[in-house]
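Colleague: One predicted model, sequence on top.
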Amino acid sequence: MEDNQAHQQHMTSGDGRKISQQHAASISEPTSPNAPPPAAIDYGQSKIRETSNSIEPSMIGKEDMHHESTDTQMIADVMPFPRLSNDVPSTPKPAGPQTHSDDEDEEPPTAKSFPRSMSPASTAQRNRGAEYKKVGEDGVCQMHRFSLYETASRYYLVGTDVGECKFRILKIDRTADSGELSIAEDDIVYTRKEMNQILNAVDDGNKATGGLKLRCSIWGLLGFIRFTGAYYMLLVTKKSQVAMIGGHYIYKMDATELVSLTMPSSRFKLDRDPEEARFVGILNNLDLSRSFYFSYSYDITRTLQHNIFRERQNLQRGEEETPLNHRNSMFIWNQHLLEQATSAFKTTYDWCLPIVHGFVDQTTLRVFGRTVHITLIARRSRFFAGARFLKRGANDLGYVANDVETEQIVSEMLTTSFHSPGPELFANPRYTSYVQHRGSIPLYWTQDNSGVSPKPAIELNLVDPFYSAAGLHFDNLFDRYGAPIFVLNLVKSRERTPRESKLLREYGNAISYLNQFLPADKKILYKAWDMSRASKSPDQDVLGTLELIAEGVMTKTGFFHNGSDESGNFSIQNGIARTNCIDCLDRTNAAQFVIGKRAFGHQLHALGIIDDPSIEYDTDALNLFTHMFHDHGDTIAIQYGGSHLVNTTDTYRKTNQWTSHSRDMVESFKRYYNNSFLDKQRQEAYNLFLGNYTFVQGEPMLWDLSTDYYLHHADPRTWSALKQKSYVQWFTPEHLDRPDMPLSTQPHGPYVGKPLSFFDEYWLEYYRPQYFSSFKKMFPFKMNSTYKNLPFKSTAEGKYDLSPFRVRDGNEHASPEKGHQKKEITIPDPDESIADEEISWNARNILQSRSAFLGSLNPPQNGSLALQHSMLKDPHLDDKAATQPLEKPPEEKKTSKDKTVVAQWTLEQFVFNSLNPSVSDKEAHDYQRYIEHPSNIPLVVSNDLPPNPSTEFVMYVNSTFVEPTEEDVTTFGDFLSIAEDPLTVADADITKKRYKAYRQWNKGKSLFKQRVDPSEYVP
């Protein structure tokens, strides 16, 4: 009873009022013998905030002075800056194992424990420092960091907010019966000093059983789960920053821990339970450290447009509600773990973190001093989730497999928050977003991968003439995104063995049936295109066709651009582009990339970054966006198919085909192996974590189920009793209405006069005013950007175009003076006078002797030497050039041709130039010489030279005639000999040279694919 009395004395405030007996009992606990001694606790936090202003200096006791000295010492240990010159000299401490560098994160990945003093304080000192405040008086107190303490029979979870000024405590009973969860939530918000006093009181009351020990420091609680016995709680032990939106950080989970809520003595029994151990092993097959994300203050389960819409709606209506309590449960993957916490907690999301599964990435685009953040968020649905061949099509409720919502947010960071200066709440015109959707074909179809075929046959299990599953699916899309819905179907249309083409016909029939009941302006827009066949055709441009489709999609749906009514640039996205192929992986990701590329250009154009809403390929901006979408596609493919993308965007652009082909083959083998051997384990982990399977005594175990069909589909015994939708009115009319964004940005009702901190405390998380930090440690300064790969030497010399929208042709790093010189072979003209200062004296004499020799054969007329022109070039060489010293001609500046100029020789230009030929003066002169040349050569009847002979004629007359050999005469005679029947090939003709192709053809080789074999070459 001593610990209870001490704690009751502590729970008395400064004015003498007492906390209720029930609250005191909720914190204290009975003692039990045979407990281990208390462990030493290392505190590493550097900030202590005292809020008890009523304490006078004369009333401060030894414990308060101990707190002050301890806090000052901890601040000195953590500060990375050197001491000032007027500080008192101190003895240097030995360097610890941890080092601080600028490359570290501003916030460490592992949480630090709550710093508390181990020295007890007197009752009077505790009473004077107590000031309590209830949760809800100043809003919900969102916890950001936790310390888990344990005694022999309790767990104590101490949480603090982002500013580490408010503290709350949670008590979890470890002695509860199996299958029960006993949690006591204290709704009082404490200061740091008050929380320290509470923990010391609990420690004093449990000295006999080992006291209060620190179990671990965590970043969040994911919820509670139970298999066959006691409950477990899942904790986030490590995290890392991946994005920042409106001053709110998005974190990725890097490590988790599963803690059993049992007594220390009962853990040995759990270890000997094979069924419990197997369930834990199945849960561990789900790697929670990959592609799971959360945020403390931003709702990542909703789109940016929905979050802004909801905040403005609350301002206009004057409703006092917390937006974080209206998350979309479709994307909360720990919803099953939160169900027990919802019934036990008063404020669930103060303690528990909802997590999403998918992909999050953020990069920086820098445009001449303007900073643009590109954020890509992919949210995977938890309904009908699973592995590739095990989850196909749709279930009874209209949820489809591989359902992923992809949102791209493009924002210019002139201001950080969602608010516009003024202030206009949630009206920052620098934020834009666009949303796409992918999902399996909403029909009842499966693929059996029990065999060895990499492409199993597709089976339509149920042919529903009313297409109920498709109707439920599209009604859900209308509810989430509005109308119209643009469906892009990329499955194959022509196959030797019908596989995908069966789904193509059935899917088209489903769209036609559903469209006949929709209003004319709300019909589903359907586009079917065989992308696989087009990519194999050399005369089709896959990405060019997708560009045309993407522009049509953007015209129909639009995109979200935040702002106010006065700004005039406010717009919302109404409708969605739904893309699918057979797997919704490779072809779908390429199509979504092109649609996202088009939307990316419109978003930059709306922000005033570019003048034209189109972005060229091979620019820094689009390369950055391409890498993001490639990582996005790889992550989605690993989650659903077990491997990276097989066909990437480069495959459809037909660039680096040799490299991409080898990579595609390797990824195909990986996907086949995972689908054949590992998908079942992953599916069991999904079913257990998502709550699709729960243990019931007497029911089959998870690993004994032959199929999980009834875990994802409705029970036929209860499904038939439910009220079914009309086959004609399959949609909800309210979902087709266009949402109207509230244009007013001023608060109404109880919100009038509230400060900005009441609506959004983004600066506490982003700027962290109580932390010492540097720009190099802040996430926005460390994220990937277009400046990271710049050649700084060329940039400093002014030789590099810094625009991220300039097409890079590969010669950006070369200096303009040198250029890019290609290796070429120059054919010299034998009659061309080479004018170069570096010609040797011997070469110059040879040239002059040649001119004198030709002049003797053909005497000059009027004192000039007439030389015949060459056939290669037309240099006009006179006698002065042959006798006078040669001068070096002016050098021509060599310029490297742009590849884009060379590639512009299209078929249209070729036909135009063929129908409209043009002849240059030099070509006309050469042709005239060619047709007049034979007339200048007289008939040779003797060896006498005619008057004024040409040089070529003199050389011909003086040439030596070579007598043919006997072998030449025989070969020439055989070549001229023609048989009576020339079309008949005799045996004697096969050895001749001209029948070599015929001999190869007789051996089965094609006439057009023959290779020369020297060993078979018979003359």
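Modeller: Okay, I see it.
Colleague: got the buried residues for the lengthiest strand in the chain?
Modeller: The longest strand of the chain (DSSP state E) is strand 231-245. Going by neighbour count (16 or more other C-beta atoms under 10 Å), the buried part of strand 231-245 is 231-239, 241-245. In this view, the C-beta of every residue, glycine as well, is placed from N, C-alpha and C.
Colleague: will you turn those into CSV that also has pLDDT?
Modeller: Below are the buried residues of strand 231-245 laid out as CSV (pLDDT from 0 to 100):
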residue, pLDDT
Tyr231, 91
Tyr232, 93
Met233, 94
Leu234, 96
Leu235, 96
Val236, 96
Thr237, 95
Lys238, 95
Lys239, 94
Gln241, 93
Val242, 94
Ala243, 95
Met244, 94
Ile245, 94
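Colleague: In three-state terms, label Gly563 for me.
Modeller: What DSSP: H, G, I helix; E, B strand; the rest coil gives for Gly563 is coil.
Colleague: Surely it touches Phe570?
Modeller: Yes. Gly563 is within contact range of Phe570, at 4.0 Å (criterion: C-beta atoms under 8 Å).
Colleague: Looking at these two, which one has more neighbours?
Modeller: With neighbours defined as other C-beta atoms under 10 Å, Gly563 and Phe570 compare such that Gly563 has more, 22 against 16.
Colleague: which residues touch that one?
Modeller: Residues near Gly563 by C-beta atoms under 8 Å, 6 or more residues apart in numbering: 420, 427-429, 569-570.
Colleague: just Ser614 next, same as before
Modeller: 598, 601.
Colleague: Just the terminal-to-terminal distance for stretch 770-780.
Modeller: 19 Å (C-alpha to C-alpha, to the nearest Å).
Colleague: mind listing what's buried in it?
Modeller: 777-780.
Colleague: same check, this time on stretch 463-472
Modeller: By neighbour count on 16+ other C-beta under 10 Å, the buried set for stretch 463-472 is 464, 466-472.
Colleague: can you check stretch 681-695 too?
Modeller: Neighbour-count burial for stretch 681-695 flags 682-690, 692-693 (criterion: 16+ other C-beta under 10 Å).
Colleague: State the mean pLDDT of it.
Modeller: The average pLDDT within stretch 681-695 is 93.
Colleague: Other residues contacting it?
Modeller: Residues contacting stretch 681-695 (C-beta under 8 Å, 6+ apart): 225-228, 279, 282-286, 333-336, 339, 382, 385-387, 390-391, 642, 701-703, 705, 708, 711-712.
Colleague: Can you say which of those residues are buried?
Modeller: Neighbour-count burial (16+ other C-beta under 10 Å) is assigned, among the contacts of stretch 681-695, to 225-228, 279, 282-283, 286, 333-336, 382, 385-387, 390-391, 642, 702, 708, 711-712.
Colleague: Am I right that Val969 is in a strand?
Modeller: No. Applying three-state DSSP, one finds Val969 to be helix, outside a strand.
Colleague: For it, list the residues it contacts.
Modeller: Residues near Val969 by C-beta under 8 Å, 6+ apart: none.
Colleague: Of the contacts of Gly563, which is the nearest to Asp631?
Modeller: Asn428 (27.5 Å; C-beta to C-beta).
Colleague: For the stretch 301-450 of the chain, which residues score under the pLDDT cut-off?
Modeller: 320-325 (pLDDT under 70).
Colleague: any idea how far Trp986 lies from Tyr998?
Modeller: Let me fix one detail, which is that residue 986 is Ala and not Trp. 12 Å (C-beta to C-beta, to the nearest Å).
Colleague: ugh, typo on my part, it should be Glu150
Modeller: Per C-beta to C-beta, Glu150 is found 92 Å from Tyr998.
Colleague: about what we covered before: which members of the contacts of stretch 681-695 occur in helices, if any?
Modeller: Of those, the ones assigned to helices by DSSP state H are 279, 282-284, 335-336, 339, 711-712.
Colleague: Quick check: the farthest pair among the residues you listed?
Modeller: Among the ones in helices among the contacts of stretch 681-695, Asn284 and His712 lie farthest apart (C-beta to C-beta), at 22.4 Å.
Colleague: returning to that earlier point: any shared contact partners between Gly563 and Phe570?
Modeller: By C-beta under 8 Å, 6+ apart, the residues touching both Gly563 and Phe570 are Pro429.
Colleague: I'd assumed Ile524 was in contact with Leu477.
Modeller: No. Here Leu477 does not reach Ile524: they are 9.2 Å apart, not a contact under C-beta under 8 Å.
Colleague: anything in contact with each of those two?
Modeller: Residues touching both Leu477 and Ile524 (C-beta under 8 Å, 6+ apart): Ile485.
Colleague: how much space between Gly558 and Ser440?
Modeller: As for Gly558, its distance to Ser440 is 26 Å (criterion: C-beta to C-beta).
Colleague: Sorry, wrong one. I was asking about Pro750.
Modeller: Distance from Pro750 to Ser440, by C-beta to C-beta: 46 Å.
Colleague: Of the two, which one has the most company?
Modeller: Higher neighbour count among Pro750 and Ser440: Ser440, with 24 against 10, using other C-beta under 10 Å.
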